[in-house]
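Student: let's see this in three dimensions:
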Amino acid sequence: MQSLGNDFVILVDHNMLSTDQIIKLCDRRIGVGCDQLIFVYHKKISIDGIDLAVEFFNQDGSDATMCGNGLRCVAGWFFENNVDKNFCNIAIRRSGAIINNIPCFKEEGGLVSLDIHGAKIIQAHGIELVDVGNLHHTVVSDRLFNGIPYPTDSNPHKDYNINYISVIDEKTISITTIERGVGETFSCGSGSCAAVFYATKKGLIRAQDFIRVVNRGCVISPNERLFVACNNGSSGAVIRMKGTYRFSFVGTSSVLF
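Tutor: Numbers count the residues shown, from 1 in each chain. Okay, here's the model as predicted:
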């Protein structure tokens, strides 16, 4: 599956793979190829109020604590297999333990949305980072290629992602994300949420209404859409992200055997 070119291999109720198998499966030359691998636990989950559980792994085999586009893809899979449902709760697992719970919603026009609660700006590594379940450093940039920011360097850091953003107008930002364990991706859901949250806090935009986030995936496929809004809830900031998702194919790989 993919959302705006951010692509995933999704294994449903499958046994955990070794780090070597994960790296091979994610490799675009010797495996299937993807930005992240997602294990989905559906039939194997039996927790009240939880419909699904997921675990995320990057191309380099490292685990991840959040993947916004991946969550929306998994929710889209769930809704298409449960046509009477328009809401699901997805638990995020890491090393077998649940670390977060994300509500997801079926929207009109084939979109899927999710809510992230409790986003905050923290100080670490001598810089400001946005915590949306994973860490993001946001750089406001005027270095553009076809309207999309391009990075000035790679991301050597193993603790956070880097978002390069440009404010196009009060309703639109463009973004490029360098993800730890992956590199540059066509789209990053959690990065888009972190960037809009950061730009709102810094007074660059007003995001009570949905802000359109433009990335490389939008440029390549103009019908793809991603929107983010930030509001204050009773327990802090609430970020809602909604956008498109697509099925790519279903198959098997010799890496799994």
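Student: who does residue 100 form a beta bridge with?
Tutor: Using DSSP bridges, the beta-bridge partners of residue 100 come out as residue 92.
Student: wait, residue 9 sits on residue 35?
Tutor: No. Proximity of residue 9 to residue 35 does not meet the contact threshold set by CB atoms under 8 Å, at 9.3 Å. All C-beta spots, glycine's among them, are computed from the backbone N, C-alpha and C.
Student: who's more crowded, these two?
Tutor: Neighbours around residue 9 and residue 35, counted as other CB atoms under 10 Å, are more numerous at residue 35. The numbers are 26 against 23.
Student: which residues touch the more buried one?
Tutor: Applying CB atoms under 8 Å, 6 or more residues apart in numbering, one finds that residue 35 lies in contact with 6-8, 26, 58-59, 179, 182, 185.
Student: of the residues you listed, which is the most crowded?
Tutor: Across the contacts of residue 35, the neighbour count under other CB under 10 Å reaches its highest value at residue 6, namely 31 neighbours.
Student: give me the three-state assignment for residue 252.
Tutor: With DSSP: H, G, I helix; E, B strand; the rest coil as the basis, residue 252 sits in coil.
Student: and for it, the neighbour number?
Tutor: 8.
Student: switch the contacts of residue 35 over to JSON lines; also include distance to residue 67.
Tutor: Written out in JSON lines, the entries for the contacts of residue 35 read as follows (distance: CB to CB, whole Å):
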{"residue": "6", "distance to residue 67": "8"}
{"residue": "7", "distance to residue 67": "11"}
{"residue": "8", "distance to residue 67": "8"}
{"residue": "26", "distance to residue 67": "13"}
{"residue": "58", "distance to residue 67": "9"}
{"residue": "59", "distance to residue 67": "12"}
{"residue": "179", "distance to residue 67": "9"}
{"residue": "182", "distance to residue 67": "10"}
{"residue": "185", "distance to residue 67": "10"}
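Student: closest one of these to residue 48?
Tutor: Distances from the contacts of residue 35 to residue 48 were compared by CB to CB; the smallest belongs to residue 8, at 27.3 Å.
Student: now that closest one: how far from residue 129?
Tutor: Taking CB to CB, to the nearest Å as the measure, residue 8 and residue 129 are separated by 24 Å.
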